[in-house]
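Undergrad: Structural data only, the sequence is not supplied:
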Ligand SMILES: *Cc1c(COP(=O)(O)O)cnc(C)c1O
């Protein structure tokens, strides 16, 4: 299996676990147990039950007729926007909270940028009655007030990260520092990033997206495989989930869409595959945006969920091996795609998901081409941005 990590968590040259020695026992405990737990009957029963009755899965696979007509192809939307809490992130937090419980952990630690992962984590902690501490950059706390309010209402303790640029990377640094001081906590990572086994574990938990896609496509088209799958990439978890069961089917074209912000070369971008170089971030070797001294370059995108300076090691490998095609969309293109979907399908997408939709006009689609766009989340959280730019 070419696209599965080896025993040390490497996809080709990317991955691994670059962690302080003090965290080794925690990461090792997780590494030794995560597959056993995920594959156990007990976990699968609980996980599937919660996905069905709490999250509302399976999420629909919707044939978007008017969108298809517009682009001259057969376009399906995988409706992750209809999940409880409004995005795919909950697939992962439900899975990891169950893993934490199996490991006997009672305290959960997370970091968050825009607050979406923080809310998804606080939600499952409330559900399970577990203590929840979320680190968030001081600037992000100001920018994302509604999500901070949600986390607090859900019972989480939100701790401001006051170092550095006071954004996501600083929240991550401080969360890791906290983890070292409180090794009894479970660190719940929100994307296919971080030290091994997190990227593989999160990919396995998000894989439910493509597992369902296969069944739904078979029902609706008679074939399990689409021609093309398109997903946006921040850290890469919704894309990993949408690609997962198709990775080894090389005839299925995989398209990963990054945020180009004001333009790939504008200096205000988050198009990691175009701008990044090999380095270590968040405990794994991958590609990331860095300066000549290896310091992380602050990324930019209108969409908070894509505003991440790296991509997970699986995506670095998909890029290097050309298994996936990396495209990008600017702020403006994403906004236009969001307005378009809203007008012709009656669906307001998350700004992140709008980046995936925004490459449709850049592709040479055929009428009989079956395309699945992973609609990772709903746009309620982005209304303020949408209204501001609507004119
Ligand atoms: C967080 C988020 C993303 C980006 O994260 P990935 O790990 O790349 O999936 C994309 N879409 C939505 C709606 C999000 O909330």
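TA: Nice, thanks for sending it over. What you are looking at is a predicted structure, and each value in this text was computed from that prediction instead of being measured. Numbers count the residues shown, from 1 in each chain.
Undergrad: contacting residues around residue 51?
TA: Contact analysis of residue 51 by Cβ atoms under 8 Å, 6 or more residues apart in numbering lists 57, 91, 94, 208. Placement of C-beta: from N, CA and C, glycine included.
Undergrad: and if you look at residue 304?
TA: 113-116, 143-144, 351 are the contacts of residue 304 under Cβ under 8 Å, 6+ apart.
Undergrad: Next, residue 33: phi, psi?
TA: Per-residue torsions, residue 33: phi -120, psi -20 (degrees, to the nearest 10).
Undergrad: If we ignore the residues flanking it in sequence, what's nearest it?
TA: Spatial nearest neighbour of residue 33, excluding adjacent residues (Cβ to Cβ, 6 or more residues apart in numbering): residue 103 at 6.4 Å.
Undergrad: quick one on the thing from earlier: taking the contacts of residue 304 one by one, which sit in strands?
TA: In strands, judged by DSSP state E, none of the contacts of residue 304 are found.
Undergrad: Up against the ligand, what does this protein have?
TA: Residues of the chain lying close to the ligand (Cβ under 6 Å from any ligand atom) are 87, 89, 116, 191, 232-238, 305-306, 350, 352-353, 376-377.
Undergrad: same thing but 5 Å
TA: 87, 116, 191, 233-238, 305, 350, 352, 376-377 (Cβ under 5 Å from any ligand atom).
Undergrad: what's the closest of the residues you listed to residue 80?
TA: Distance ranking of the residues of the chain next to the ligand against residue 80, using Cβ to Cβ, places residue 376 first at 5.1 Å.
Undergrad: and the nearest residue to the closest one once chain neighbours are set aside, what element?
TA: Computed as Cβ to Cβ, 6+ apart, the closest residue to residue 376 that is not its neighbour in sequence is residue 238, at 4.1 Å. In this structure, residue 238 sits in helix 237-243 according to DSSP states H and E.
Undergrad: Quick one: mean pLDDT for that helix?
TA: For helix 237-243, mean pLDDT rounds to 98.
Undergrad: is it true that residue 119 touches residue 87?
TA: No. Counting by Cβ atoms under 8 Å, residue 87 is not a contact partner of residue 119; they are 9.3 Å apart.
Undergrad: the more surrounded of the two?
TA: residue 119 (28 against 25; other Cβ atoms under 10 Å).
Undergrad: How is that one assigned, secondary-structure-wise?
TA: Recorded secondary structure, residue 119: helix (DSSP: H, G, I helix; E, B strand; the rest coil).
Undergrad: Report pLDDT for the closest residue to residue 199 other than its chain neighbours.
TA: Leaving out its chain neighbours, the residue that sits closest to residue 199 by Cβ to Cβ, 6+ apart is residue 192, at 4.4 Å. Here the pLDDT value assigned to residue 192 is 98.
Undergrad: I'd say residue 192 and residue 205 touch.
TA: No. If you go by Cβ under 8 Å, residue 192 and residue 205 don't touch, sitting 9.7 Å apart.
Undergrad: which of these two has more neighbours?
TA: Counting neighbours by other Cβ under 10 Å for residue 192 and for residue 205 shows that residue 192 has the greater number, 31 against 26.
Undergrad: And the more buried one, how close does it get to residue 296?
TA: Separation of residue 192 from residue 296 (Cβ to Cβ, to the nearest Å) stands at 18 Å.
Undergrad: same deal with residue 253?
TA: 31 Å.
Undergrad: same question, residue 216
TA: For residue 216, the distance to residue 296 equals 39 Å [Cβ to Cβ].
Undergrad: How about residue 88?
TA: Counting by Cβ to Cβ - residue 88 and residue 296 are separated by 25 Å.
Undergrad: which of the two has more neighbours?
TA: Neighbours per residue (other Cβ under 10 Å) separate residue 88 from residue 296, with residue 88 holding more: 31 against 18.
Undergrad: My guess is that one contacts residue 378. True?
TA: No. Using Cβ under 8 Å, residue 88 makes no contact with residue 378, being 10.9 Å away.
Undergrad: joint contacts of those two?
TA: Contacts common to residue 88 and residue 378, judged by Cβ under 8 Å, 6+ apart, are absent.
Undergrad: Centroid-nearest residue for this structure?
TA: The chain has residue 237 as the residue nearest its centroid, 3.2 Å off, counting by Cα atoms, centre = their mean.
Undergrad: Residue of the stretch 51-200 of the chain closest to the ligand, please.
TA: Closest to the ligand within the stretch 51-200 of the chain is residue 191: 3.4 Å, counting by Cβ to the nearest ligand atom.
Undergrad: Domain parsing of this structure, as residue ranges.
TA: 17-50+89-202, 56-87+206-389 (automatic domain parsing).
Undergrad: The longest one spans what distance, first to last residue?
TA: Separation of the first and last residues of domain 56-87+206-389 by Cα to Cα, to the nearest Å is 32 Å.
Undergrad: Let me see the ranges of the strands in the protein.
TA: 10-11, 14-15, 61-63, 74-79, 107-112, 131-137, 157-161, 186-187, 228-232, 253-261, 277-281, 284-288, 324-330, 370-375.
Undergrad: Take those and write them to TSV, including mean neighbour count.
TA: Converted to TSV, the strands of the chain look like this (neighbours: other Cβ atoms under 10 Å):
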stretch	mean neighbour count
strand 10-11	22
strand 14-15	26
strand 61-63	17
strand 74-79	24
strand 107-112	24
strand 131-137	24
strand 157-161	18
strand 186-187	23
strand 228-232	27
strand 253-261	26
strand 277-281	16
strand 284-288	26
strand 324-330	23
strand 370-375	27
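Undergrad: Pipe these into CSV and attach mean pLDDT and distance to residue 1 per row.
TA: Output for those, formatted as CSV (pLDDT from 0 to 100; distance: least, Cβ to Cβ, whole Å):
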stretch, mean pLDDT, distance to residue 1
strand 10-11, 98, 11
strand 14-15, 98, 15
strand 61-63, 99, 25
strand 74-79, 98, 23
strand 107-112, 97, 30
strand 131-137, 97, 35
strand 157-161, 97, 38
strand 186-187, 98, 27
strand 228-232, 99, 18
strand 253-261, 98, 16
strand 277-281, 96, 23
strand 284-288, 97, 19
strand 324-330, 98, 16
strand 370-375, 98, 22
